[in-house]
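> sequence first, then the predicted structure, then my questions.
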Amino acid sequence: MTFMNNNGNFKQFRMIGFLNENCNDDHVISKITIVLRRDKIEAPYYMITKIRLSSCIDRPDNGVIHAMDILNHTRRHNLTEDAYDEIKSLITDNDYESDQVKIFKDDAQLKMVLMSKNDDELNDLFKVYGELFEKIDKLID
């Protein structure tokens with residue numbers, strides 16, 4: 001599995017999937033924030049993605065090691081109107097309800113926060129929002 005394009009840019013969500021599949025930690029916590037904005041004059045269609053992964057490791061002889069950061073990544077995107085509308089619809093048209101997913105909306109922005117506390121929860125988010133994650137990763141191709 002590759003998580004970079006030909007120019008060496010990270011595909012954020014492929015990288016998270018790779019880390020999730022290849023990490024042996026029992027307790028990986030993820031927080032993904034996607035913010036779409038329409039209020040900037042110089043870049044009227046704008047998106048920020050923030051991804052944080054951390055883990056807690058249970059070592060029988062050393063106890064539990066809490067909150068080791070694995071990844072803290074932010075990317076900013078200037079979008080075309082079509083890309084903005086497509087990403088917005090992938091967020092708002094999905095009727096998946098869960099304590100893991102929060103969506104906040106006002107006139108200027110749409111914010112989606114996805115949280116998981118283990119590998120299975122993160123895999124479930126990838127199943128439900130895979131098309132959204134793939135669309136965002138394709139922005140850097």
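Structure received.
> which of the helices or strands spans the most centrally placed residue in the chain?
Nearest to the geometric centre of the chain sits Ile32, at 3.8 Å (CA atoms, centre = their mean). Here Ile32 sits within strand 27-37, counting by DSSP states H and E.
> give me the contacts around that strand.
Identification of contacts with strand 27-37 by CB atoms under 8 Å, 6 or more residues apart in numbering yields 16, 19-20, 45-58, 67, 70, 84, 87-88, 91, 108-119, 122, 125, 132, 136. All C-beta spots, glycine's among them, are computed from the backbone N, C-alpha and C.
> mind giving me the PyMOL select for the residues you listed, buried ones only?
Filtering the contacts of strand 27-37 down to the buried ones (16 or more other CB atoms under 10 Å) takes a single PyMOL command:
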select buried, resi 16+19+20+45+46+47+49+50+51+52+53+54+55+70+84+87+88+91+110+111+112+114+115+116+119+122+125+132+136
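> now, which of the contacts of strand 27-37 lie within helices?
Within those, residues falling in helices by DSSP state H are Ile16, Leu19, Asn20, Tyr84, Ile87, Lys88, Ile91, Asp119, Leu122, Leu125, Leu132, Ile136.
> which pair in those residues spans the largest distance?
Across the ones in helices among the contacts of strand 27-37, no pair lies farther apart than Tyr84 and Asp119, at 31.7 Å, counting by CB to CB.
> buried ones in the strand holding Ile32, by neighbour count?
Buried positions in strand 27-37, judged by neighbour count with 16+ other CB under 10 Å: Val28, Ile29, Ser30, Ile32, Thr33, Ile34, Val35, Leu36, Arg37.
> now swap in stretch 85-96 and tell me
Buried residues in stretch 85-96, defined by neighbour count with 16+ other CB under 10 Å: Ile87, Lys88, Leu90, Ile91.
> quick one: average confidence on it?
Per-residue pLDDT over stretch 85-96 has a mean of 88.
> ok, residues contacting it?
34, 36, 47, 79, 103, 105, 110, 112, 128-129, 131-132, 135-136.
> any low-confidence regions in the protein?
Residue ranges of the chain with pLDDT under 70: 1-10, 23-26, 40, 57-68.
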